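Participant: Sequence below, structure please.
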Amino acid sequence: MTTKIITGVIISLVLVTTTLLSLSILHRPTELLEKEEQQDMGERIKLPEPCNTSNTSVEMALSQRRSIRAELADAALGQECVRDAAIDIVFT
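Facilitator: Okay, the predicted model is just below:
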């Protein structure tokens with residue numbers, strides 16, 4: 001009876017120890033990789049310069065954006081009117 005208890009305790013200790021060791025080993029490589037990536041990148045990241053190849057002026061771009069917004073607002077208003085008319089037809 002005591003040999004079974006001792007064997008069970010030894011097996012459980014071995015399992016717990018191997019589990020803890022495997023978890024600690026698994027966490028180490030990710031930390032090391034993160035440190036290596038940070039060192040490789042350096043302090044600054046070079047971003048590409050924006051290319052302004054279009055001949056459109058700022059004023060023209062803003063007016064086009066405003067006209068698109070106005071068209072979308074008109075379309076939304078038109079959809080509201082259609083919805084209201086459909087509701088009126090259904091309930092009359």
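Participant: State the number of residues packed around residue 14.
Facilitator: Neighbour count for residue 14, taken as other CB atoms under 10 Å: 10. C-beta: built from backbone N, CA, C; applies to glycine.
Participant: per-residue pLDDT, it?
Facilitator: Here the pLDDT value assigned to residue 14 is 94.
Participant: following the host helix or strand of it, which helix or strand comes up?
Facilitator: Taking DSSP states H and E as the definition, one finds residue 14 inside helix 2-41. Remark: after helix 2-41, the chain's next helix or strand is helix 58-91, criterion DSSP H and E.
Participant: Can you spell out which helices and strands pack onto that next one?
Facilitator: The helices and strands touching helix 58-91, judged by 3 or more CB pairs under 8 Å, 6 or more residues apart in numbering; DSSP states H and E, number zero.
Participant: Select the helix or strand of this protein having the lowest average pLDDT value.
Facilitator: helix 58-91 (a mean of 74; mean pLDDT, DSSP states H and E).
Participant: Please identify the buried residues of it?
Facilitator: Within helix 58-91, no residue is scored as buried using 16 or more other CB atoms under 10 Å.
Participant: Tell me how the chain divides into domains.
Facilitator: The chain breaks down into these domains under automatic domain parsing: 1-41, 56-92.
Participant: Can you get me a residue count around residue 5?
Facilitator: Number of residues near residue 5 (other CB under 10 Å) recorded here: 9.
Participant: again with residue 57
Facilitator: Residue 57: 9 surrounding residues under other CB under 10 Å.
Participant: Can you give me the distance of it to residue 64?
Facilitator: Taking CB to CB, to the nearest Å as the measure, residue 57 falls 11 Å from residue 64.
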